[in-house]
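Visitor: build the 3D model from these lines:
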Amino acid sequence: MLTIHVAEESAGTAVLVDGAAIAAIGPYERLAEAHPQAKVRRWPGILTPGLLNPYGPELLEAMYHPDPREAEGFGTEPIGGERAKRIFRADPARVGASARRGIQRMLAHGTVAVAGELRSRAVVDAVRRAGLAVGRRPDPLAGPASLSPTPLILLPGLVPGGPARFAVFDVADRAELVRRGAGTCVATVIGGRLVYRAR
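Guide: Next comes the predicted model:
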């Protein structure tokens, strides 16, 4: 099934997705005229190649991401440090479930790739199943582990024939994205599938 993704502030670089791959990139009008049967998804902001989060181990192995049903005992924010280690020691099965919830948080921040050496089999499996790409970690790392790290690391540009992996942010341009951060994400696509959509 063909889908055209177009963002208001970058209509000149709409993306035509065919399955898990990018079939074409170009002005929305040209793509829509050439493929009138394609479904159209319109987004506010800009369409980007998505972000690499270099803090895979720190966010997915060293932090516990509570289940919403655990809010009374653990709260809703990620837990790090010794408390996270105690939670994982008490119940090692929580590592995989926590990683899956952590990945959902990353997707909500436009992350389509992670970096860093992942050691936990459950975390590696969760990353693979989510379709996240695995990239190289910059050296040195500039700031603390975060879902919206500083500086933001955009992946290389999208190309026809390449994987349909990108994110859309509700900002006017990349300068505003850098200023406001990855929390402005409104949509993340991996393998041609919409894996996150802001409500």
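
Visitor: please name the nearest non-neighbouring residue to residue 88.
Guide: Nearest residue to residue 88 in three dimensions, chain neighbours excluded: residue 95, at 5.6 Å (CB to CB, 6 or more residues apart in numbering). C-betas here are computed from N, CA, C, even on glycine.

Visitor: okay, now the one you found: neighbour count?
Guide: Using other CB atoms under 10 Å, residue 95 has 20 neighbouring residues.

Visitor: quick check, it in contact with residue 125.
Guide: No - judged on CB atoms under 8 Å, residue 95 makes no contact with residue 125 at a distance of 10.4 Å.

Visitor: contacts only, for the residue nearest the centre of the chain.
Guide: Geometric centre of the chain, nearest residue: residue 111, 2.3 Å, by CA atoms, centre = their mean. Counting by CB atoms under 8 Å, 6 or more residues apart in numbering, residue 111 touches 50-53, 132, 147, 167, 182, 188.

Visitor: repeat for residue 8
Guide: Residue 8 neighbours (CB under 8 Å, 6+ apart): 42-45.

Visitor: circling back to that earlier point, let me know the closest of the contacts of residue 111 to residue 7.
Guide: residue 167 (10.2 Å; CB to CB).

Visitor: what residues are up against the closest one?
Guide: Neighbours of residue 167 in contact, by CB under 8 Å, 6+ apart: 47-51, 110-112, 185, 187-189.

Visitor: what about 6 Å?
Guide: By CB atoms under 6 Å, 6 or more residues apart in numbering, the residues touching residue 167 are 48, 50, 110, 185, 188.

Visitor: ok, residue 160 next?
Guide: Residue 160 touches 22, 24-25, counting by CB under 6 Å, 6+ apart.

Visitor: may I have the phi/psi pair for residue 124?
Guide: phi -60, psi -40 (degrees, to the nearest 10).

Visitor: returning to that earlier point: which of the contacts of residue 8 fall within helices?
Guide: When the contacts of residue 8 are checked against helices (DSSP state H), there are no matches.

Visitor: for these, give me TSV that also has neighbour count and distance to residue 17.
Guide: Formatted as TSV, the contacts of residue 8 follow (neighbours: other CB atoms under 10 Å; distance: CB to CB, whole Å):
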residue	neighbour count	distance to residue 17
42	13	14
43	20	13
44	16	19
45	22	18
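
Visitor: lowest-pLDDT helix or strand in this protein?
Guide: helix 71-74 (a mean of 85; mean pLDDT, DSSP states H and E).

Visitor: next SSE downstream of that helix?
Guide: Using DSSP states H and E, the helix or strand that directly follows helix 71-74 along the chain is helix 81-90.

Visitor: quick one, strands of the chain?
Guide: In the chain, the strands defined using DSSP state E lie at 2-7, 14-18, 21-26, 39-43, 46-48, 51-53, 111-115, 133-135, 166-169, 185-190, 193-197.
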